[in-house]
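Engineer: Provide a 3D model corresponding to the input given below.
(one chain, ligands or ions: 1)
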Amino acid sequence: MSCYIELQNISQSFQATQSKVTLFNNLNLRVEQGKSYAITGPSGAGKSSLLMLMSGLEQPTSGQGIYSKNGQSHSLAYLKTDIGFIFQQFHLLPELTALNNVALPLKLRGDKRAMNKAKIWLEKVGLQHRENHKPSELSGGEQQRVAIARALVFEPNFIFADEPTGNLDKDSAASIADILFDCCRENNAGLVIVTHSDALANRAQQVFSLADGQLNNPLANVEVA
Ligand SMILES: Nc1ncnc2c1ncn2[C@@H]1O[C@H](COP(=O)(O)OP(=O)(O)OP(=O)(O)O)[C@@H](O)[C@H]1O
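Structural biologist: This next block holds a predicted model:
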């Protein structure tokens, strides 16, 4: 049975020194396992904050989030073990090799086959020949491929990617997008990407634009080619 994340009537505001900043008002959004979504919008609109709310890492001012798994509803806190993150800055551990970076999430879960599975994933992202290299010895695109392998190695139901191609040139960005979409499709993972890149956003099945606290057509099933 498929899983989904639903945000219901979510509002989020912060009390800054001088004034109150309101990011969203009564926002509704549903993302499903196996589908791909892009969130676009102007700088400061709250895209990264929305990703944090969706993943249960931040709490909204009001409203609620639900994680539905195998027909049962849970709070978003339950998502913790079912999501992988990919960031613009890669966030690899600098002292670990590519292989050990990918194996880490499995080792933390006590998986005895961590190294074997990590090797398989490094191969999937085309980096089997660089397994003993540390992040400083890899290009930006290569580091992002390691980060994708690390995010997917434990087969999470959802991947959240915040500007995953923001630090890459056009060719590397296109190749990272290929790998990211292919790997999520292969794992049947839901993919939610925050991006300023139209090229990347348009690869998603559904594109949302966040501006003035509102998502355009958040619950409409408008499929984008
Ligand atoms: N914990 C917080 N306290 C106060 N303000 C916050 C907090 N978190 C986010 N903000 C503010 O919310 C606004 C939206 O930030 P966010 O990073 O989500 O935007 P964004 O759309 O992802 O921007 P960008 O495209 O530039 O990355 C910013 O003005 C930010 O300063």
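Engineer: my guess is Ser68 contacts Val31, does it?
Structural biologist: No: the pair Ser68 / Val31 is not scored as a contact, 11.0 Å apart, by C-beta atoms under 8 Å. (C-beta placed from N, C-alpha, C; glycine too.)
Engineer: list the contacts for the most centrally placed residue in the chain?
Structural biologist: Closest to where the C-alpha atoms of the chain average out (C-alpha atoms, centre = their mean) is Phe160, at 1.0 Å. Applying C-beta atoms under 8 Å, 6 or more residues apart in numbering to Phe160 gives the contacts 51, 54-55, 83-86, 192.
Engineer: Surely it forms part of a helix?
Structural biologist: No: read with DSSP: H, G, I helix; E, B strand; the rest coil, Phe160 is strand and lies in no helix.
Engineer: Tell me the bridge partners for it.
Structural biologist: Phe85, Val192 (DSSP bridges).
Engineer: And it, what's its pLDDT?
Structural biologist: Phe160 is assigned a predicted lDDT (pLDDT) of 97.
Engineer: how close does it get to the ligand?
Structural biologist: Using C-beta to the nearest ligand atom, to the nearest Å, one gets 12 Å for the distance from Phe160 to the ligand.
Engineer: Ok, Ala204 next?
Structural biologist: To the ligand, Ala204 is 17 Å away according to C-beta to the nearest ligand atom.
Engineer: What of Phe181?
Structural biologist: As for Phe181, its distance to the ligand is 21 Å (criterion: C-beta to the nearest ligand atom).
Engineer: Now do the strands in this structure.
Structural biologist: Taking DSSP state E as the criterion, the chain contains strands spanning 4-15, 20-32, 36-40, 62-69, 72-75, 83-87, 158-162, 190-194, 206-211, 214-215.
Engineer: Would you mind giving those as CSV with distance to Ala173 added?
Structural biologist: As requested, those are exported to CSV (distance: least, C-beta to C-beta, whole Å):
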stretch, distance to Ala173
strand 4-15, 26
strand 20-32, 23
strand 36-40, 14
strand 62-69, 30
strand 72-75, 35
strand 83-87, 13
strand 158-162, 12
strand 190-194, 12
strand 206-211, 17
strand 214-215, 24
